[in-house]
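Visitor: quick one: sequence and predicted model below, then my questions.
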6 protein chains.
Amino acid sequence: MSRIDGRTAEELRPVTIERGWSKHAEGSVLVSFGDTRVLCTASLTEGVPRWRKGSGEGWVTAEYAMLPRATNTRGDRESVRGRIGGRTHEISRLVGRSLRAVVDHKALGENTIVIDCDVLQADGGTRTAAITGAYVALADAVAWAQDHKLVKAKSQPLTGTVSAVSVGIIDGVPMLDLRYEEDVRAETDMNVVCTGDGRFVEVQGTAEGAPFAREELDGLLDLAVAGCAQLDGHQRTALGR
Amino acid sequence: MSRIDGRTAEELRPVTIERGWSKHAEGSVLVSFGDTRVLCTASLTEGVPRWRKGSGEGWVTAEYAMLPRATNTRGDRESVRGRIGGRTHEISRLVGRSLRAVVDHKALGENTIVIDCDVLQADGGTRTAAITGAYVALADAVAWAQDHKLVKAKSQPLTGTVSAVSVGIIDGVPMLDLRYEEDVRAETDMNVVCTGDGRFVEVQGTAEGAPFAREELDGLLDLAVAGCAQLDGHQRTALGR
Amino acid sequence: MSRIDGRTAEELRPVTIERGWSKHAEGSVLVSFGDTRVLCTASLTEGVPRWRKGSGEGWVTAEYAMLPRATNTRGDRESVRGRIGGRTHEISRLVGRSLRAVVDHKALGENTIVIDCDVLQADGGTRTAAITGAYVALADAVAWAQDHKLVKAKSQPLTGTVSAVSVGIIDGVPMLDLRYEEDVRAETDMNVVCTGDGRFVEVQGTAEGAPFAREELDGLLDLAVAGCAQLDGHQRTALGR
Amino acid sequence: MSRIDGRTAEELRPVTIERGWSKHAEGSVLVSFGDTRVLCTASLTEGVPRWRKGSGEGWVTAEYAMLPRATNTRGDRESVRGRIGGRTHEISRLVGRSLRAVVDHKALGENTIVIDCDVLQADGGTRTAAITGAYVALADAVAWAQDHKLVKAKSQPLTGTVSAVSVGIIDGVPMLDLRYEEDVRAETDMNVVCTGDGRFVEVQGTAEGAPFAREELDGLLDLAVAGCAQLDGHQRTALGR
Amino acid sequence: MSRIDGRTAEELRPVTIERGWSKHAEGSVLVSFGDTRVLCTASLTEGVPRWRKGSGEGWVTAEYAMLPRATNTRGDRESVRGRIGGRTHEISRLVGRSLRAVVDHKALGENTIVIDCDVLQADGGTRTAAITGAYVALADAVAWAQDHKLVKAKSQPLTGTVSAVSVGIIDGVPMLDLRYEEDVRAETDMNVVCTGDGRFVEVQGTAEGAPFAREELDGLLDLAVAGCAQLDGHQRTALGR
Amino acid sequence: MSRIDGRTAEELRPVTIERGWSKHAEGSVLVSFGDTRVLCTASLTEGVPRWRKGSGEGWVTAEYAMLPRATNTRGDRESVRGRIGGRTHEISRLVGRSLRAVVDHKALGENTIVIDCDVLQADGGTRTAAITGAYVALADAVAWAQDHKLVKAKSQPLTGTVSAVSVGIIDGVPMLDLRYEEDVRAETDMNVVCTGDGRFVEVQGTAEGAPFAREELDGLLDLAVAGCAQLDGHQRTALGR
């Protein structure tokens, strides 16, 4: 069974992680999973939101958005509509939670890091590319903060690494890292966020067509864990570790 | 290891499903999972949204909301703030997807059913109670439509049943159907939506503290499947099947 | 002349006032006037809005809303539309003013009480049921505050009691406590808010059809005062006075 | 007992009604009650809102607003805040209802008239001046429609006249047509809308301080009816009747 | 070549500047350029926005708006639509910038002046009439502040005067101060804001039809400078200088 | 006098125009003026907005926006704030008008082209880079429409070319194509939009500090015209003309 682009079922699309894409941000990455391209910028500011003041702890959050013509058909701008859609909200929250799973807020001190993930071009897997790129931008922002003495050099604000990948069942076959066309056809669609040591941060599986059985779920999880391990390698390479 | 309310780890809270709570709605249920109480009303109207017209298919969607003082501390009304929060959006979408997983839109014909799930009192598990109650309200609305000849008597717009439960790991122990206090303490929190035949519609697991391992995930899934089977029984009893 | 439900023109619908409906709120009441059911919760917080700080005076306010399917036809959620409608605004303001008419803000001290009135099922008279129930929830919240030493035990933050009823002229006959079907047919519609000692807090009369004469107005006021006196009795019974 | 401006308790402020103030509108009036000045413009368009199409009936509605510095202290623009306040909503609805009480929508035919009442300067009684001026603008727009054959010359779309005045109790004395300073001091505040033949369209009385007794209410109504009769005279003079 | 109203190409419409139009505002002007009428009110408050606190400098800003029926066809209220249109934003910013060009914020001290420009009737040139009137209202507010010792008597918060006029090319002829009908026909449309000494504060030229050549631009600028000089005279007369 | 980056006063920053940046859009360009980078995508759809239907004419419009961290300090997202800022509105309108100046809407037929200009990195001149890039994206979309037979091959929907550049006076010296640091220091700031044949589409000059004299204006216009001529060359090269 061959895929549209000739990949095997267990194969990621070509992944690129380009650091330092923006001159302004404390960390910035242009990440691509095939034709999906997401610009992730990390903005660090001293201080924390009011509800966290005096706690000695920092805060990491994320905002995800799509350019209107990132997709095949132009979508209305959420700023023009005057409200953020449910999908945008949901993904922004997912990206933020995923990053915070590897953040030691105490070690970060009272600093805030906002990661903006703007999808410049979409071809499936935008949220997983966003998480994968955002981690690298976050790592750069933390290093910047240490260089600028906002965080102690010996602190370890990051307790691990995190990446994400989509998996799905198409025509009964579990497949890794779905393109948009595949995503549309998938009976079951799952996004999995893993740490570099292979544990889970988020597992979100949805039956698009028929409900799925436990063995199918197990097969998808296996595939996703293997995919995240590869993405972890890409992240390490990009960070020169 | 005993729980706040003396339950065992594998035990649901008392579940009640009261049908016909509202005189106006085509289907209405007041569902409670312990102190969590959700009013689910199903509103059926002939016709479908514009993008679906002429397809011969119906549409089922859901809206979830909380009364301001459903929780321990009063929250601002989303209508007053002028925008719906991310959590509300996310749960509304989840409830809608869960129900659609057991709907044959063709058999429903060009009718629209909106299920409103309003949380009157919250004590953890509001989204899972909402899904469980919404299914019963949906079933009543479908029966109403058949009685009123909007749907053919022989049609089967519902292809199965659906219910949902939360599970989580507290102090290393997987537990079923978390109350609010337990939810806050859980290291890992998972919401699972199952069909009556034990397959999965949605699996959403989140590491609140440390990432979780594959065995932990497996334990939680076992617990959730067993919990949903019990809820399925409550639904059948309520529906007099 | 008999009414739809067999009542006489001077008769209220069956009234129930169920206290302690919610475990979270400082005061909570499920009030029903026939099929109209309103959940009133009183939330007390220490402190007052900024414009009142340092005055030594408290603040009581109210918010009224309807669940989407409280009515015969589902209405759009105001949170989804992103704005509160004029009717909602108007009634929220009316409920707040009515309650404040019997509040001694000095005796309340710098505490704020918000009364949420959420209509679960509507059949005419939702605003009058809301005021009648809200007074009881307010009384419970004040008692709670005294028990918890936020208000001095000897203070009298409530200077009286307040209840409300609708009256209207149908086919030339003044009638008490209109149901929805009656409200629609009424030529003149009036909402009257009275204190327990029979004085007026609010009088809002509207000619729906032809303008009304002074004698008609007088007849409606007589009916309303008598109705409020009965409601006052229901409130006292509920409060065990 | 003398009033700030030397009036007696039963005296209106000087009233002016200037027709034809705007060259664009089908009817336009600058009305003043003392220092309160409201620009009322009536805009007539053929056709009716969707929900009224095919009924053969017209529609009359109103919008009330204040310029930011109509008052002593500048208020934020509602357009800038992005939402209309409760007071604005409430008054817009009151003006619309008051006008519709003297409109025969059948005779108007499928035409829509929107009356905009913009307060240029406020000194109490803005809503009553608005209603009084709006009626004259409405009469001009109806005449315009008859001149332009949109309404039959023999039709009588207006079944009567309507005007409004405020009354209140200050230091125990009922007074007519309150200025802002008086309004602030009033224990009870009432707005009364009457037809030219002395019947009531709206009666809205509010206890600002202590609740009010039936005799007080009766005294206020007497005063208001007499005030409206005078305003009716001003309207007739302005219209050259 | 004669214009609709018989003016020559270099002639302004009749200009009137009526000071003290509102009793509440610190400065208020009803300005008219022919049938265009704008009410400009200046509101002075002590203190400045947060971002300017402690700077010792004041702040001058403006808000422009149109009444719904200021124009030939009624426009929806921006408050009702819930958002300010692009044109309104643009003109508000232009008026504010134009005024600030002649303000010495240091000399103003930490005071804020907001100029509201509300178009009561529109017939072309609303933004230029607004700027011209707003300057006079601003001058009055500054004088008021000096009388009330909020600004030192010897300070000169205004470093010059400012006025504005529109120019355009119609059928190849450059014309001054366009009425609405002319504006619609103009191939090129330019708004020019000048100081009393003939220098430029803003130049905004737009090709509505064909792009324009340098000589055309030069001709329009000549015309505008001459027009502003006349407006400067009107302002001085109004201010009794 | 040397500039920060060593340019002469009459020199543009390095300009790059990269076509085909997005695989989805009918025309897409990544344009850079030094460190300012704007992604311009042209989306063509058949049909026109309702108000233009049946006219036989097409419609071209533009939307401009900035990513939150395009600038040195992160700005809040307009989608999150729920409203578009005045500056965004103003620039979107400017870009749209500039493009329409070279569009023959008749020749375009009833097709709509929306040009999205999203600033990925900002360093001054974002609106001029946006216009310059948008023209190229527009040209590609028009060619695409001709290839796909939506526009006749012989039609000439573009009547010319258009580009834009900023100029300003710094320390008394007129300079071309300001970087952000220069823009902040400029006494006068002007944006000029020219056609390829050297005529003007838009001239927007603003005195940031002191008002400017006619000779200064003339000097800036000369500089801008020369700059646009160079940009026209870059556009032609990019388009392979």
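Guide: Cool, got the structure.
Visitor: which stretches of chain A form helices?
Guide: A:78-81, A:86-100, A:105-108, A:126-147, A:180-185, A:214-238 (DSSP state H).
Visitor: so which of those helices comes closest to chain F?
Guide: Minimum separation from chain F across the helices of chain A (CB to the nearest CB) falls at helix A:78-81, 3.7 Å. All C-beta spots, glycine's among them, are computed from the backbone N, C-alpha and C.
Visitor: tell me which helix or strand of chain A sits lowest on mean pLDDT?
Guide: Among the helical and strand segments of chain A, the one scoring lowest on mean pLDDT, DSSP states H and E is helix A:78-81, with a mean of 91.
Visitor: and the contacts of that one?
Guide: Contacts to helix A:78-81, defined as CB atoms under 8 Å, 6 or more residues apart in numbering or on different chains, come from residues A:65, A:84, A:85, A:88, F:63, F:65, F:77, F:78, F:79, F:83, F:84, F:88.
Visitor: the helices of chain A into TSV, with extra columns for mean neighbour count?
Guide: Output for the helices of chain A, formatted as TSV (neighbours: other CB atoms under 10 Å in any protein chain shown):
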stretch	mean neighbour count
helix A:78-81	18
helix A:86-100	21
helix A:105-108	18
helix A:126-147	26
helix A:180-185	16
helix A:214-238	19
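Visitor: okay, now the residue of chain A found nearest chain D: neighbour count?
Guide: Residue of chain A nearest chain D, by CB to the nearest CB: residue A:82 (8.4 Å). By other CB atoms under 10 Å in any protein chain shown, the residues close to residue A:82 number 20.
Visitor: that one contacts residue C:83, correct?
Guide: No: between residue A:82 and residue C:83 there is no contact under CB atoms under 8 Å: 10.6 Å.
Visitor: so what's in contact with those two at the same time?
Guide: Jointly contacting residue A:82 and residue C:83 under the rule CB under 8 Å, 6+ apart are residue E:82.
Visitor: so which residues on chain A come close to chain B?
Guide: A:83-87, A:89-90, A:92-93, A:97, A:101, A:160, A:190, A:194-195, A:197, A:199-207, A:210-214, A:217, A:221, A:225 (CB under 8 Å from any CB of the partner chain).
Visitor: go through the helices of chain A and name the closest to residue B:181.
Guide: helix A:86-100 (21.0 Å; CB to CB).
Visitor: who's in contact with the closest one?
Guide: The contact list for helix A:86-100 (CB under 8 Å, 6+ apart) reads A:60-66, A:78, A:115, A:117, A:126-127, A:130-131, A:134-135, A:138, A:162, A:164, A:191, A:193, A:201-202, A:204, B:84-87, B:89-90, B:92-93, B:206, F:79.
Visitor: quick check: mean pLDDT of that helix?
Guide: What helix A:86-100 shows for mean pLDDT is 95.
Visitor: and stretch A:223-239, by the same measure?
Guide: Rounded mean pLDDT across stretch A:223-239 is 98.
Visitor: what sits closest to the residue minimising distance to the centre of chain A if chain neighbours are left out?
Guide: Nearest to the geometric centre of chain A sits residue A:131, at 1.0 Å (CA atoms, centre = their mean). Excluding its sequence neighbours, the residue lying closest to residue A:131 (CB to CB, 6 or more residues apart in numbering or on different chains) is residue A:164, at 3.9 Å.
Visitor: before we move on, what about residue A:123?
Guide: Looking at residue A:123 with CB to CB, 6+ apart, the closest residue is residue A:35, at 3.8 Å.
Visitor: so what's the backbone phi/psi at the residue of chain A most remote from its centre?
Guide: Relative to the C-alpha centroid of chain A, counting by CA atoms, centre = their mean, residue A:54 is the outermost residue, at 29.8 Å. Main-chain torsions, residue A:54, degrees, to the nearest 10: phi 80, psi 0.
Visitor: nice, that's everything, thank you.
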